[in-house]
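# Model the structure of this input:
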Amino acid sequence: MEPQVDTRDASPGTSALGSDTERTSITSSPLSSWPTPGCNRSPTKAEALEVLFSNLSNYLALGCLVFEDSVISSENEKLGMWQEETWNSVLPFDLAGIGLSLTRLLRSGWIRLQSSRCQLRPQCSIFRVYLLFYDVGLKFIERDNRTLLSAVEVVVAAVDTNAALWNGEYDPGERRPFDRWSSRDVDNSSLFYIFNKLPSPSPNFRDIDERYVSEGLEDLLDLDHAVAGMRTSLYPFQRRSAGTMMQRESAPRMMMDLRLEVRQAADGSQFYYFPRDMQFLREPKYQEAPRGGILAETMGYGKTLICLALIITTKHHPPKMPVQYATIPIRRKVGTLTDMVVSTINRRGIPYRVELERLSKVANSGIGHILGSRLAKDPPAYEIPAMPIRFNRNTVGRPPAHILMASTTIVVVPQNLCKQWTAEIDKHVEQGALKVLVMDDRKRQLPPAQEIATYDVILFTRGRFDMEIRDGQDAKGRRMPRTAFSCNCTYIGASRLRDCSCLSQDDLYASPLKELHFKRLIVDEGHFFSSGGTTSTILVANKLVRADHRWVVSGTPAKELLGVEIDAQSVGSDRDAMLDLRRNFDAKLDRSGAIDSLSTLASNFLRVTPWTSTEAKNHLYRHEDRRERTYSGFSLCLRRMLEATVVKTRPEDYERDVELPPLHHKVVVLKPSFHDKLTANLFTLVLTANAVTSERTDADYLFHKNSTKARLQLIANLRQSAFFWSGFSEADVHASIQNSSTYLAKESTRCAVEDRALLEETLRFAETVLASRGWAAMSRCHELGVYVQNWPVESAEHWSFDSLTSPLLTGITQLLEAQHFVNDRLDRQDPGEGLSGAGIKSLANVRRQAPPSSDAEGTKSVLAKSGIPTSSIDGGPALLRRRSHSASDKAGYAQKAVPSKSSHVERTQAQKRKRPSLPDDSPYAGSHIIGTTSAKLSYLITRILEHYQSEKILVFYSGDNSAFYISQFLELFHVKHEIYAKSLSAKLKSQYVANFQEQDDIRVLVMDVGQAAFGLNLCAASRVWFVNPVCKPDVEAQALKRAHRIGQTRSVICETLVLEGSLEQAMHERSQQMTKAEHLDAKALEDDGGIRAIIQNARLLPLTDDEKEPGLAQMAPLDKAERLWCRPGWMEIRDGARPPRARKKARLVDVSTPDDAGRVVVDDD
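Numbering: from 1, shown residues only. As a prediction, this is how the structure comes out:
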């Protein structure tokens, strides 16, 4: 039998309970005292509340309460009938401890109750709970009463929202409590999953009411026609992304408050719920939809081009004048029709230039020319009145601000991307289609506001943009006080004239940016906003720039927040599998990190609600506690917020439009050379000596908590040493031997048998190191060794690092000097005359050495910790650091200055001269480079020489020493290159990228891998090498995206070089096995437990008997012997080079203390 439920009467003041309304706590005739239509008086508060409470439509069907053996009024004996209950009828009963809360709420009118006896279980009574909507009666009801709010919490926690129970059918097994907390996101997803599952852009011009914006969007989305003003044809997904940005910039639209949730009541009706404040609303709250956001398209898929398409499509669309300032002007006399038309166009922001262009195409309209010239003379502007202040005799009044409207877009880019942006504009935009002002010089002043308004784009570098923070300051950084001050400067001599140095208004810098209202502000690579803090860029953007729209352009808008396609590429796994792997919310990863970065970016720059609130995390997460944050998952608010702000195309969608050439990435495992093994084993010696002699206790132990800095530096050096390392000196080895031997000789040590055997093995190896003359020579001068075959006999011994002259081992710097010496004398009969003397001079430092000392104090000074030489925890060899100049200094021809006309003439004349050469029977013609002491360098140089003439090459390094050696070898083989180092100025970095992309003769770019994740376009490169494993998948993937991106026409071949059997290989394999959570947990790779275990269990690499003897067995051979002197192209290189700077000389000081023995001192000439 279905229960009988009375229908509600929507008429004002009529109860939905029909004939039983006389039992309510309200009066039986609610309208008896209501003012009649003819009465002029307003209803009293009591009368208004009477009507409000009597109308059940003002209440939410919250849910039901069920009680057994409860007593209900006698009128309710009939099953299925619902009766109204008052606080008087409930008060006498103990309703499971919530009687007091129900009574309070009933008395205040916040709830209403209906009761009925259950049909299936007559011993149970069902109470319907109606809750007054929060947005009803705000004028009369006090909503911040804590007692009543607490009572609401108690009742809401107890109700059952089951629809069947609401209709009187009680089933104890079907309880459905009200979910008081924010609704959890679908499937409890992680931020990574939500970000990668955002819907792809899908703009629709029919959804835009504004005519000109709708027409512009329609033209932009039309695949059959090119975008007007663009040379490049956009891919469909790029059009959709630009169109979505344009649609979001259209006329302001309202959207439901992102913090609200749409819920269904127990009676099937719909209401709106504010979870954190537990507010139940009948009508939704609205907020203005974001008119900007984050362009987060995948790295390498044309974000710059998308921005240019947006700018050029809307270049004639002015910003909207703020409503409060868009007032109709009051004239002294009636204005002309032209005056009124101009005023209306300016006030309403009508894109008149679009219409005038159409008129000019169909007819030579005189009216159009007149109107256009008049509008140009009277640009749109408005005034902001000065803030009212309290005046006194010292108050300084401020005039109203005159703001000029401009259809201009400000673009702020990192310094190193400025030339790339200008190149993209030249490449993709038709000549004259955009008027661009480039502000990349700190010394250049901005033009006046009227001139700025004539540009379509103002391209700022971040450094130049930040300089506008000087607004309101003088040259000394002083600002005008709020109140006037009297001058107390001294008089000039005996006169009554003051020598005034007081601050005046004329001394202050006034930024023209604050005098303009711009169309939009775009910040490229704007993820730096997410780092927190208050940067000058944020201050300038927020205090000086008025712009209708703000956009951040970044493929990684938050820390560790990459597209799944980038993560999948980095680990070589399936994209869907990677998504599933990180699908679920992670309480550790998702409560900080990326979400904090995203929140900071949105609040500091985009100003998107609720990110602008300090309580943002209360709404972005599901917290299952009223007063504490439990971080039980993300709320629906986060997904809706990202959908409203982020523009990002899913991989499966853009892959239908564009297919990049394939990317092939493999790990190349190389057999270490003899000298590679020596270096690896020396680090093993150091680690073993430290662990054993410190007995793995106290701060002397490298892995003690107080030794973090030394440990991180040593491990960083260890990772770099797989390429080449010359940081250890003979004194270091002697000190380690002495320290370890002294420890082993002690009787009261806690040294295990295994530790003793391992330490003794490393000490025996140390003797092998000291016996190597080649190693000793390289360690003294910090040079990488090169093997040369058929060196001229008469001078060979003067250039050799060891006892052999065939093959001859010498240093790369010495070899460069020898090459320059002979090449500069090729026009002589004997170009090698004096080569022996040059060798004696060049190797003087190598052959001068001090005998090691056995002084105990000296030994201690060499060791920073027990068994740890100071050199192993320094940043690198001192000589190398001192002479590692900028890239332009490392190779005279590698970075050329802008050629002057005279230098071009000189080169032309030099090319006309007879080219000197070596006869075939010359002893210098047979000298060939056959190998090096570094397996990685030999392999790398072989591959570069194989491909550099047909392909451009990108080499990533992780240590400055590696870059220095690579640069020297490229110089040796006359390969033009650039070095993109961290230490270079942003201007040089930008220039080097442009050179590599645009100049055909620059074949190789050697880049610090830490500088490869900042939006650089290096698609000219199709061969990529990592000389050391990066061991961070996201960094590696971003580095690869420099080359593998739109614009790439070749297959990209990438190789990561690893030494077989080394700690490097074990660490790389471990990093490949680490989960994303483990990578995020480890601030540095060495923080991972698996990596620590690998390092702590380091063992010696075995040496063969052949390797212990000088000769070919110690060499890492090149695949092909390369000519040393008179190589092809040497003369063009020499003639096109600028003179290199004077080199710094290294000299060895004869000393008697071990800590100074073998140390290098650098002197200038």
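
# got the residue ranges for the strands in the stretch 51-200 of the chain?
59-68, 83-85, 111-117, 124-132 (DSSP state E, counting those that start in this stretch).

# Just give me the lowest mean pLDDT stretch among those.
Lowest mean pLDDT within these: strand 83-85, at a mean of 84.

# do you know which of the strands of the stretch 51-200 of the chain lies nearest residue 406?
Closest approach to residue 406 among the strands of the stretch 51-200 of the chain (C-beta to C-beta): strand 59-68, 49.7 Å. Glycine gets a C-beta too; all of them are placed from N, C-alpha and C.

# tell me the angle the closest one makes with strand 111-117.
Relative orientation of strand 59-68 with respect to strand 111-117: 40 degrees, computed using axes from the mean of the first three to the mean of the last three C-alpha atoms, to 10 degrees.

# What residues of strand 59-68 count as buried?
Neighbour counts over strand 59-68 (16 or more other C-beta atoms under 10 Å) mark 59, 60, 61, 62, 63, 64, 65, 66, 67 as buried.

# Pull the distance from it to the chain's centre.
50 Å (C-alpha atoms, centre = their mean, to the nearest Å).

# what's the closest of the buried residues of strand 59-68 to residue 260?
Checking these one by one against residue 260 (C-beta to C-beta), the nearest turns out to be residue 60, at 14.3 Å.

# which one is the closest one nearest to, not counting chain neighbours?
residue 131 (4.8 Å; C-beta to C-beta, 6 or more residues apart in numbering).

# okay, now the one you found: neighbour count?
21 (other C-beta atoms under 10 Å).

# what's the spacing between it and residue 1031?
57 Å (C-beta to C-beta, to the nearest Å).

# picking that back up, out of the strands of the stretch 51-200 of the chain, which comes closest to residue 579?
Of all the strands of the stretch 51-200 of the chain, strand 59-68 comes closest under C-beta to C-beta, at 37.7 Å.

# Find the nearest non-adjacent residue to the most centrally placed residue in the chain, please.
Nearest to the mean C-alpha position of the chain, counting by C-alpha atoms, centre = their mean, stands residue 527 at 3.9 Å. Spatially, and ignoring its direct neighbours in sequence, residue 527 is nearest to residue 554 (4.4 Å; C-beta to C-beta, 6+ apart).

# For the one you found, give me the backbone phi and psi.
Backbone torsions of residue 554, given as degrees, to the nearest 10, read phi -170, psi 130.

# what secondary structure does the residue lying closest to residue 807 once chain neighbours are set aside sit in?
Spatial nearest neighbour of residue 807, excluding adjacent residues (C-beta to C-beta, 6+ apart): residue 787 at 4.5 Å. Secondary structure, DSSP: H, G, I helix; E, B strand; the rest coil: residue 787 is strand.

# which residues touch residue 787?
807, 808, 809, 929, 930, 931, 932, 933, 1112, 1115 (C-beta atoms under 8 Å, 6 or more residues apart in numbering).

# Now rank those by neighbours and give me the top one.
Neighbour-wise, these (other C-beta under 10 Å) top out at residue 933, 29 neighbours.

# ok, back up a step: gap between the residue nearest to residue 60 and residue 105?
8 Å.

# Need the residues touching each of those two.
111, 152, 155.

# hang on, the earlier thing: the residue nearest to residue 60: what's it in contact with?
59, 60, 62, 110, 111, 152, 155, 156, 280.

# swap the cut-off to 10 Å and go again
Residue 131 makes contact with 59-63, 105, 110-112, 152, 155-156, 159, 265, 271, 280, according to C-beta atoms under 10 Å, 6 or more residues apart in numbering.

# same thing with residue 137?
48, 49, 51, 52, 53, 58, 109, 143.

# Closest to residue 459 out of the shared contacts of residue 131 and residue 105?
For the shared contacts of residue 131 and residue 105, the nearest to residue 459 is residue 152 (55.8 Å; C-beta to C-beta).

# OK, contacts around that closest one?
62, 101, 104-105, 110-111, 131-132, 134, 145, 278-280 are the contacts of residue 152 under C-beta under 10 Å, 6+ apart.

# Next one: it from residue 331, what distance?
Taking C-beta to C-beta, one finds residue 152 at 58 Å from residue 331.

# mind listing the strands in the stretch 251-400 of the chain by residue range?
Using DSSP E, counting those that start in this stretch, strands in the stretch 251-400 of the chain cover 254-256, 261-264, 270-274, 279-281, 286-288, 293-295, 381-384.

# pLDDT-wise, which helix or strand of the protein ranks last?
strand 1160-1163 (a mean of 32; mean pLDDT, DSSP states H and E).

# Leaving out sequence neighbours, find the closest residue to residue 555.
residue 299 (3.8 Å).

# Would you mind measuring from that neighbour to residue 1047?
Taking C-beta to C-beta, one finds residue 299 at 12 Å from residue 1047.

# Which one's more surrounded, those two?
Shown here are residue 299 and residue 1047; by other C-beta under 10 Å, residue 299 has more neighbours (24 against 16).

# Thought residue 1041 was touching that one, still the case?
Yes. Using C-beta atoms under 10 Å, residue 299 is in contact with residue 1041, at 4.1 Å.

# now do the same end-to-end measure for stretch 443-461.
13 Å (C-alpha to C-alpha, to the nearest Å).

# Give me the helices and strands touching the strand or helix carrying residue 1070, please.
Here residue 1070, judged by DSSP states H and E, is contained in helix 1063-1073. On a contact count with 3 or more C-beta pairs under 10 Å, 6 or more residues apart in numbering; DSSP states H and E, helix 1063-1073 meets helix 564-571, strand 663-670, helix 674-693, helix 708-720, helix 1033-1040, strand 1052-1059, helix 1076-1081, helix 1089-1096.

# roughly how far is it from the heart of the chain?
26 Å.

# Next, the buried residues of it.
1063, 1064, 1065, 1066, 1067, 1068, 1070, 1071.

# Save those as TSV, and put in pLDDT too.
Formatted as TSV, the buried residues of helix 1063-1073 follow (pLDDT from 0 to 100):
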residue	pLDDT
1063	89
1064	89
1065	91
1066	90
1067	89
1068	90
1070	89
1071	86
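
# Go through the residues you listed and say which is closest to residue 194.
residue 1071 (26.6 Å).

# Tell me which residues touch that closest one, please.
1029-1033, 1036, 1078-1079, 1082, 1085, 1088, 1090-1091.
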